[in-house]
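Trainee: need the 3D shape of this:
(one chain, ligands or ions: 2)
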Amino acid sequence: MCPGCDIALAIEAAAPPQSALSSLAALADGAAQTSLIPAAAETGPPDDEGPLYAARKKIYPQHVTGTFRRVKWLVLLVTLGIYYGLPFVRWDRGPNAPSQAVLIDFPGRRFYFFFIEIWPQEIYYLTGLLILAAMALFLMNAVAGRLWCGYLCPQTVWTDLFQAIERWTEGDRREHLLRDRQPWTAERVARFGLKHFLWLMVAWWTGGAWVLYFADAPTLVRDLATFQAPLIAYVFIGLLTFTTYTLAGWMREQVCVYMCPWPRIQAALTDEYALNVTYRYDRGEPRASLKKAAELREHGAPAGDCIDCLQCVHVCPTGVDIRGGPNLGCIQCGLCIDACDAVMKKIGRPARLIAYDTDINIKRRQQGQKAFYRIMRPRTFLYAVVIAVVSAAMTYAYATRRIDGVSVLHDRNPLYVRLADGSVRNAFSVRILNKNLEATNFVLKVSGLFDAAVDVIGSSTYSGPYPRIEVGPDQSRELRVLVTATEHIAAGASIPITFTVVPEAGGAEVSARDHFFVP
Ligand code: SF4
Ligand code: SF4
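Mentor: Residues are numbered from 1 along each chain as shown. Ligands and ions are numbered 1, 2, ... in the order given. The predicted model follows:
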């Protein structure tokens, strides 16, 4: 049985027993409302059963203070600080390279991240990063549930910020609820307008920061302000302003509940040992009001610690009642823990009626056993090992990578040409890569043929008998190379040849192999 059903049944079992009479009365009520044989006039198409669509109920999350709220503020400040500030961080890479620490340089076809520089040929690093991101997410989930959703996901962070603005302009839950029921006064219009203006400013700032990762930030800010930036920059700022405003301002929890696939995947990946925000029904049930609970205890009847005050529900940004067990809508932000802790403090009961816990522990406590936590399990171990191996492989590949390179592609059509003097010519496309930050002269050699002439179309400089090619700093250059063999080679032969590129000023050579074909 799934943990959700387990908990629902356990809560039901722990609820105060109904008298047989009241159960019968409830059944009778239900029967009166649900006639098994509809009257002829009521018979109709299936949609008479009511729409399957339920309109969204607006959520007014209440302000809360406590440990988890403080952690969330801290995470919000750090993550947004990084996002908005990072494009302005400088990093000296030498005279011919950009000085922006993090830059996605589409025209130059580079990605810069502090001391790391990735070329298009090294896109496999992106694969490695995606694997690392997925494994980190799985590991977080195996250790403590939806940590990502509750604290780090951009949707959560920006929604949190938008809700803080909403509380500041329209008041906390109670005040906002009351105001929404009143007619539109000048004050209400002003507060509403100010809220949306501030939301739009944050959204615009968010879109603006995004484009700064794609060009030199200080220059782009100046160009944007003087309307000299490329049109695409304005288009993307508009797009991101719209999406941020819509997703964080209007859609909020609907993104988590309906749009995001992660809750479904997460639910399939979790296990009974993962810590999740859990209502400890063993302690909380049977719930009763403070007064009723005191009376029950006086008479020796069982009474749980939950006083049914609904504070945990009122602070929830997704409107979930965690007391109902695991819920797809719960992003595990921990705010209900803070709310309930405050209530427990007020009524003099121990804190953490809602806590990061496991269902297994609740059952163990019910059986008088000690709770235990298993962070190290086969799955957490496996995720950690994959993260370590992929990180090590990426670090090794990066540390030992060449800063120059050569690739060769044989012409397919025609594969070869026999010249009038009887010699045979093959043509190749050769790309030389220079990741140095200075222009470099390379010498191109071809080996494997006894007597061959090597010509580079468009280049007439030589170093001895070999063509010399200059490649600009941090650039690659594609050449068309003609290799002509004058020796007699058996008809139909396919001879392996090697293209070697050597920096003229000295340094390690790089080579690539292909074949020379004879008609
Ligand atoms: S805040 Fe605590 S006491 Fe109040 S309803 Fe929620 S679980 Fe019960
Ligand atoms: S139920 Fe609690 S942990 Fe889950 S989203 Fe709501 S406040 Fe956050």
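
Trainee: all the strands of the stretch 1-150 of the chain, residue numbers only.
Mentor: Ranges of strands within the stretch 1-150 of the chain are 102-105, 110-113, 116-118, based on DSSP state E, counting those that start in this stretch.

Trainee: just the strands in the stretch 351-500 of the chain please.
Mentor: Going by DSSP E, counting those that start in this stretch, the stretch 351-500 of the chain shows strands at 354-357, 404-410, 417-418, 424-434, 440-447, 452-456, 462-463, 466-471, 475-485, 494-503.

Trainee: what residues does the chain put near ligand 2?
Mentor: Proximity of the chain to ligand 2 (CB under 6 Å from any ligand atom) is limited to residues 277, 315-318, 320, 322, 330-336. For glycine as for every other residue, the C-beta is placed from the backbone atoms N, C-alpha and C.

Trainee: what's the spacing between the most centrally placed residue in the chain and residue 492?
Mentor: Residue closest to the mean C-alpha point of the chain, counted by CA atoms, centre = their mean, is residue 153 at 6.5 Å. Plainly put, residue 153 is 62 Å away from residue 492 if you go by CB to CB, to the nearest Å.

Trainee: of all the strands of the stretch 1-150 of the chain, which one is nearest residue 219?
Mentor: Residue 219 lies closest to strand 102-105 among those, at 11.7 Å (CB to CB).

Trainee: possible to save the strands of the stretch 351-500 of the chain as CSV with mean pLDDT and mean neighbour count?
Mentor: As requested, the strands of the stretch 351-500 of the chain are exported to CSV (pLDDT from 0 to 100; neighbours: other CB atoms under 10 Å):
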stretch, mean pLDDT, mean neighbour count
strand 354-357, 96, 20
strand 404-410, 86, 17
strand 417-418, 92, 13
strand 424-434, 92, 20
strand 440-447, 92, 19
strand 452-456, 90, 17
strand 462-463, 86, 14
strand 466-471, 91, 18
strand 475-485, 91, 17
strand 494-503, 92, 17
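
Trainee: can you list those in a markdown table and add distance to ligand 1?
Mentor: Converted to a markdown table, the strands of the stretch 351-500 of the chain look like this (distance: least, CB to the nearest ligand atom, whole Å):
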| stretch | distance to ligand 1 |
| --- | --- |
| strand 354-357 | 6 |
| strand 404-410 | 62 |
| strand 417-418 | 84 |
| strand 424-434 | 62 |
| strand 440-447 | 68 |
| strand 452-456 | 77 |
| strand 462-463 | 80 |
| strand 466-471 | 67 |
| strand 475-485 | 62 |
| strand 494-503 | 70 |
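
Trainee: including distance to residue 348, could those go into a markdown table?
Mentor: Listed next are those as a markdown table, based on distance: least, CB to CB, whole Å:
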| stretch | distance to residue 348 |
| --- | --- |
| strand 354-357 | 17 |
| strand 404-410 | 71 |
| strand 417-418 | 96 |
| strand 424-434 | 72 |
| strand 440-447 | 77 |
| strand 452-456 | 87 |
| strand 462-463 | 89 |
| strand 466-471 | 77 |
| strand 475-485 | 72 |
| strand 494-503 | 78 |
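
Trainee: these: which one's closest to residue 206?
Mentor: strand 354-357 (30.7 Å).

Trainee: quick check: the spatially most distant residue from the centre of the chain vs residue 191, distance?
Mentor: Distance from the centre of the chain peaks at residue 421, with 63.7 Å (CA atoms, centre = their mean). Relative to residue 191, residue 421 is positioned 90 Å away (CB to CB).

Trainee: same check on residue 394?
Mentor: Separation of residue 394 from residue 191 (CB to CB): 51 Å.

Trainee: likewise residue 375?
Mentor: Residue 375 sits 47 Å away from residue 191, taking CB to CB as the criterion.

Trainee: more crowded one of the two?
Mentor: Using other CB atoms under 10 Å as the criterion, residue 375 and residue 191 rank with residue 191 on top: 18 against 12.

Trainee: Provide a list of residues in contact with that one.
Mentor: 169, 170, 179 (CB atoms under 8 Å, 6 or more residues apart in numbering).

Trainee: can you do 7 Å?
Mentor: 169, 170 (CB atoms under 7 Å, 6 or more residues apart in numbering).

Trainee: now residue 171
Mentor: Neighbouring residues of residue 171 by CB under 7 Å, 6+ apart: residue 179.

Trainee: now residue 71
Mentor: Per CB under 7 Å, 6+ apart, neighbours of residue 71: residue 151.

Trainee: for residue 489, same thing?
Mentor: With contact taken as CB under 7 Å, 6+ apart, residue 489 is in contact with 424, 495, 518.

Trainee: surely the last one and residue 424 touch.
Mentor: In this case it means residue 518. Yes - at 5.3 Å, residue 518 counts as touching residue 424 under the criterion of CB atoms under 7 Å.

Trainee: overlap in contacts, the two.
Mentor: By CB under 7 Å, 6+ apart, residue 518 and residue 424 have these common neighbours: 416, 489.

Trainee: which residues of the chain score low on pLDDT?
Mentor: 1-49, 403 (pLDDT under 70).

Trainee: would you mind finding the longest helix in it?
Mentor: If you go by DSSP state H, the chain has its longest helix at helix 186-211.

Trainee: tell me, how many residues neighbour residue 363?
Mentor: For residue 363, the count of nearby residues is 15 (other CB under 10 Å).

Trainee: check the gap between it and residue 374 for me.
Mentor: Distance, residue 363 to residue 374, by CB to CB: 15 Å.

Trainee: a markdown table for the strands of the stretch 1-150 of the chain, including distance to residue 286 and mean neighbour count?
Mentor: Compiled in a markdown table, the strands of the stretch 1-150 of the chain are given as follows (distance: least, CB to CB, whole Å; neighbours: other CB atoms under 10 Å):
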| stretch | distance to residue 286 | mean neighbour count |
| --- | --- | --- |
| strand 102-105 | 55 | 18 |
| strand 110-113 | 56 | 18 |
| strand 116-118 | 58 | 16 |
